[in-house]
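Colleague: fold the following for me, if possible:
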Amino acid sequence: MSFTAEVKDELSRVEAPTAVAELAQLSALIRVCGTLSFRGSGRYSIRIATETGAVARTVIKLTHKIFDLETSLTVRRSVLHKTRNYLIEMPEQEKLAKDLVQLGILVPGRGLATGIPTALLGSRPAREAFVRGAFMAGGFIADPRGDFHLEIAVTGEDFARGLVALIDSFGVSARLNRRRGAFAIYLKSFDDVIALLRAMGARRMARVVEVARAKKSVKNDVNRRVNAEMANQARSTDAAAAQLELIDRAEKAVGLSSLPPALRDFCRARRAHPELSLAALGEELDPPASKSAMYHRVLRLEQIVRDAES
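Modeller: Numbering: from 1, shown residues only. Reported below is the predicted structural model:
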């Protein structure tokens, strides 16, 4: 099961706390993944297509609980993609137009509503239920172990902007992108995605995301430290190579035996331990020398070589 399917499965088990919240959730489900057909004189029918069994179950459950509507369910299996496709149909029937008005999908005398059903969304539970339904119908969430983001695909700019405003009301920052004639409401921040999952009722999956974020943070920290250590090692190796070359030049220019004792000790130690950093090399001397002292010995040797070669 994909991560998106796991989230939707949890959301399908969330019970809306009020009748209005149930209406709001069903309204969003139908608006986002449903197709409304109109044949004149108030004759409407609805087709809802989804690849997610949790969405199909929720649509049928809420439809039968709230309205006395005739519905049919057809399940088809895609041989190519090895997935099930669920088709829910609400054929023409006497009460459907009235129920669509109650859902905020139809506006009496004006036809199909373009925005969100604000009359249903006066309470936070109703707003949460509406966003939950919209995500179940058109949402996607990436596995948090990878390139993480959440999005909800919808049609209609007014509806999309209204949905963004609802999400913003939860303290979540969402962006709106136009995509091939449709719109994608997009979240990429871990904090925003976790906050939205909790608002929709997916508390268990929100904890899964938090754990994944913690592991990812630790992994990134380890990688940063390893990369820093590798960079330091590379710099130490380059410095050691330059020091060995300097020692060869000093031997040729003045002879190592003519150097002060501290510099002779440095030259012998560096040739014996070309792999050590300057600080570690100082610890090999007797008595040990600090990194600063070793650095000053290198500078003194450089000056002696420059004077001898000039």
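
Colleague: CA only for contacts and neighbour counts going forward, please
Modeller: Noted.

Colleague: distance between the helix or strand harbouring residue 245 and the chain's centre?
Modeller: Taking DSSP states H and E as the definition, one finds residue 245 inside helix 203-253. With Cα atoms, centre = their mean, to the nearest Å as the basis, helix 203-253 stands 26 Å off its chain's centre.

Colleague: what mean pLDDT does that helix get?
Modeller: Helix 203-253 shows a mean pLDDT of 84.

Colleague: tell me the helices and strands packed up against it.
Modeller: helix 3-12, helix 190-200, helix 261-272, helix 291-309 (3 or more Cα pairs under 8 Å, 6 or more residues apart in numbering; DSSP states H and E).

Colleague: how many residues are close by the nearest residue to residue 236 once chain neighbours are set aside?
Modeller: For residue 236, ignoring the flanking residues on the chain, the nearest one in space by Cα to Cα, 6 or more residues apart in numbering is residue 277 at 5.3 Å. When neighbours are counted by other Cα atoms under 10 Å, residue 277 registers 18.

Colleague: and the gap between residue 277 and residue 303?
Modeller: For residue 277, the distance to residue 303 (Cα to Cα, to the nearest Å) stands at 21 Å.

Colleague: cool, and residue 52?
Modeller: Residue 52 is 76 Å from residue 303, by Cα to Cα.

Colleague: could I get the helices and strands packed on helix 203-253 as JSON lines with mean pLDDT, mean neighbour count and distance to residue 120?
Modeller: Below are these laid out as JSON lines (pLDDT from 0 to 100; neighbours: other Cα atoms under 10 Å; distance: least, Cα to Cα, whole Å):
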{"stretch": "helix 3-12", "mean pLDDT": "93", "mean neighbour count": "20", "distance to residue 120": "20"}
{"stretch": "helix 190-200", "mean pLDDT": "93", "mean neighbour count": "21", "distance to residue 120": "16"}
{"stretch": "helix 261-272", "mean pLDDT": "89", "mean neighbour count": "17", "distance to residue 120": "79"}
{"stretch": "helix 291-309", "mean pLDDT": "89", "mean neighbour count": "15", "distance to residue 120": "71"}
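
Colleague: tabulate these (JSON lines), appending distance to residue 111.
Modeller: Below are the helices and strands packed on helix 203-253 laid out as JSON lines (distance: least, Cα to Cα, whole Å):
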{"stretch": "helix 3-12", "distance to residue 111": "30"}
{"stretch": "helix 190-200", "distance to residue 111": "29"}
{"stretch": "helix 261-272", "distance to residue 111": "86"}
{"stretch": "helix 291-309", "distance to residue 111": "81"}
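
Colleague: which among those helices is found nearest to residue 224?
Modeller: Residue 224 lies closest to helix 190-200 among the helices and strands packed on helix 203-253, at 20.0 Å (Cα to Cα).

Colleague: give me the helices and strands touching that closest one, please.
Modeller: Judged by 3+ Cα pairs under 8 Å, 6+ apart, the packing partners of helix 190-200 are helix 124-138, helix 203-253.

Colleague: most packed of those helices?
Modeller: Counting by mean count of other Cα atoms under 10 Å, helix 124-138 has the highest mean neighbour count of these, with a mean of 25.
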